[in-house]
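Undergrad: Here's my sequence, what's the structure:
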Amino acid sequence: MSDDEQRAGDGASGNFSDDVLGGVGRPETGRRRRRRQRSGRRWRIALVSVLAVVLVIVAGTAVGGLWLRNHLSGNIETIGDPFAAIDSADRAPEQDAEDPATNILVLGSDSRISAGDPNQWEVGAQRTDAIMVVQISGDREDVSVMSIPRDSWVDIPGYGQNKINAAFSYGGPSLTIQTVEQLTGVRIDHFVVADFESFSKITDAIGGVTINLKSDQTLAGTDFNAGAQLLNGEQALAYARERKSLPGGDFDRVNRQQAWMRAMVGAVLNNGILTSPTKLYSFLTTLTETLAVDEDFTIGEMQSLATALRGIHSTDINFMTVPTTGTGTSADGQSIVLLDGDADAPLFEAFQNDAVGDYLEDNPDAIELLPATVN
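TA: Here you go, the predicted structure:
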């Protein structure tokens, strides 16, 4: 085992470090004390801990030369302006703040659409398997990642009640944005889509990811014991795709998707990528070839966000899933996820008001954050 693999393995065993975990657990001392302690443990580079955003912002920070910046910009596919098709009266209200939060809707598909070619989208041709709202606080000191289960039974504007991932099938990025805004009341600023096959390529580009497996399992034809295991892209893809064997079904799959993204942050931090020009160039090239973003989410915008986030600490990042009451069956026989309106409302309000960190601190038992080891 190489030194890099050993360090990654140490981080994914029972003794997780904050930097590898990306803020999985909330420190007992709370958010305000974390800020006072931050000066001693700052990241070398800004990382936002959901793959399609975290790693793109790494790209934005790393781009210094004009040629490299233009090269990477040319790699990223854009999706026109997905906000133009939404009537202003149907948008969630803008945040009334001098320094508002930045909200990014991130979709992960299961190879039903290529992130590198958004023109492949066709009505009814694909749905999304991961839906996340990433909020970067207005003071640029916190990042919150909120997953919405793909089978959540919601109202889709113009189509009535259906699973939330049907919005992408019916109306692409615009209808998905409108649906998420209507559900949460959170105004979306940017849109990113990536397919899981692309995640696999990025995983290989960073030398694999270390994930703490809860049980023995077979991934892409390879047997693994429980505990910290280094997975390549194909194995990590199999890990994140699994659903039927998991006791929590789609709920556990959401956790696995988040765990994969969290592990990628650890790999970028610990595998020498940020200090090796060769590794960094390879990584950034692979990354930018696998994403599609709205036309306003330029490399320049990413770099601006990254610069503002330089002081963020990994414990200022939290993964969570919107509360639900479990599963059920729709009138037409579909298996669906039932959202918990009473528990969701204050969480959505915290996102609307850029107050997620305070909400989690004041209500430590209200939302279950991503644990160190998932099913």
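Undergrad: what residues does the helix or strand Thr325 falls within touch?
TA: Assigned by DSSP states H and E, Thr325 belongs to strand 324-329. Applying C-beta atoms under 8 Å, 6 or more residues apart in numbering, the external contacts of strand 324-329 come out as Pro149, Asp151, Ser152, Trp153, Gly249, Phe251, Ser335, Ile336, Val337, Leu338, Leu339, Asp340. C-beta: built from backbone N, CA, C; applies to glycine.
Undergrad: switch the cut-off to 10 Å
TA: The contact list for strand 324-329, computed with C-beta atoms under 10 Å, 6 or more residues apart in numbering, reads 148-149, 151-153, 248-251, 334-344.
Undergrad: Tell me the helix or strand right after that strand.
TA: strand 335-339.
Undergrad: can you pull the buried residues of the helix or strand just after that next one?
TA: Sequence order places helix 341-352 as the next helix or strand after strand 335-339, per DSSP H and E. Across helix 341-352, burial judged by 16 or more other C-beta atoms under 10 Å covers Ala343, Asp344, Pro346, Leu347, Phe348, Ala350, Phe351, Gln352.
Undergrad: repeat for stretch 326-335
TA: In terms of neighbour count (16+ other C-beta under 10 Å), stretch 326-335 has its buried residues at Thr327.
Undergrad: Just the endpoints, please. Distance across that stretch?
TA: Taking C-alpha to C-alpha, to the nearest Å, the first and last residues of stretch 326-335 lie 11 Å apart.
Undergrad: Quick one: mean pLDDT for it?
TA: Per-residue pLDDT over stretch 326-335 has a mean of 94.
Undergrad: Neighbours of the closest residue to Ser147 other than its chain neighbours, how many?
TA: Once flanking residues are discounted, Ser147 sits nearest to Thr321: 4.5 Å by C-beta to C-beta, 6 or more residues apart in numbering. Neighbour count for Thr321, taken as other C-beta atoms under 10 Å: 19.
Undergrad: can you check Pro277 too?
TA: 8.
Undergrad: cool, Leu237 as well?
TA: Neighbour number of Leu237 under other C-beta under 10 Å is 23.
Undergrad: What helices and strands are in contact with the helix or strand harbouring it?
TA: Assigned by DSSP H and E, Leu237 belongs to helix 233-241. Counting contacts by 3 or more C-beta pairs under 10 Å, 6 or more residues apart in numbering; DSSP states H and E, helix 233-241 packs against strand 128-136, helix 196-205, strand 209-213, strand 217-219, strand 222-224, strand 227-231, helix 250-270.
Undergrad: could I have the last one exported to PDB, CA atoms only?
TA: Yep, that's helix 250-270 we're talking about. C-alpha atoms of helix 250-270 as PDB (Å, rounded to 0.1, in the frame of the first residue of the first chain):
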ATOM      1  CA  ASP A 250     -33.400   4.400  -1.700                       C
ATOM      2  CA  PHE A 251     -32.800   6.100   1.700                       C
ATOM      3  CA  ASP A 252     -29.600   4.100   2.100                       C
ATOM      4  CA  ARG A 253     -28.700   4.700  -1.600                       C
ATOM      5  CA  VAL A 254     -28.900   8.500  -1.000                       C
ATOM      6  CA  ASN A 255     -26.500   8.000   1.900                       C
ATOM      7  CA  ARG A 256     -24.100   6.000  -0.300                       C
ATOM      8  CA  GLN A 257     -24.100   8.800  -2.900                       C
ATOM      9  CA  GLN A 258     -23.200  11.300  -0.300                       C
ATOM     10  CA  ALA A 259     -20.600   9.000   1.200                       C
ATOM     11  CA  TRP A 260     -19.000   8.700  -2.200                       C
ATOM     12  CA  MET A 261     -18.900  12.400  -2.600                       C
ATOM     13  CA  ARG A 262     -17.500  12.900   0.900                       C
ATOM     14  CA  ALA A 263     -14.800  10.300   0.100                       C
ATOM     15  CA  MET A 264     -13.800  12.200  -3.000                       C
ATOM     16  CA  VAL A 265     -13.100  15.300  -0.900                       C
ATOM     17  CA  GLY A 266     -10.900  13.200   1.300                       C
ATOM     18  CA  ALA A 267      -9.000  11.800  -1.700                       C
ATOM     19  CA  VAL A 268      -8.400  15.300  -3.200                       C
ATOM     20  CA  LEU A 269      -7.100  16.500   0.200                       C
ATOM     21  CA  ASN A 270      -4.900  13.500   1.000                       C
END
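Undergrad: Next secondary structure after that helix?
TA: Once helix 250-270 ends, the next helix or strand along the chain (criterion: DSSP H and E) is helix 277-288.
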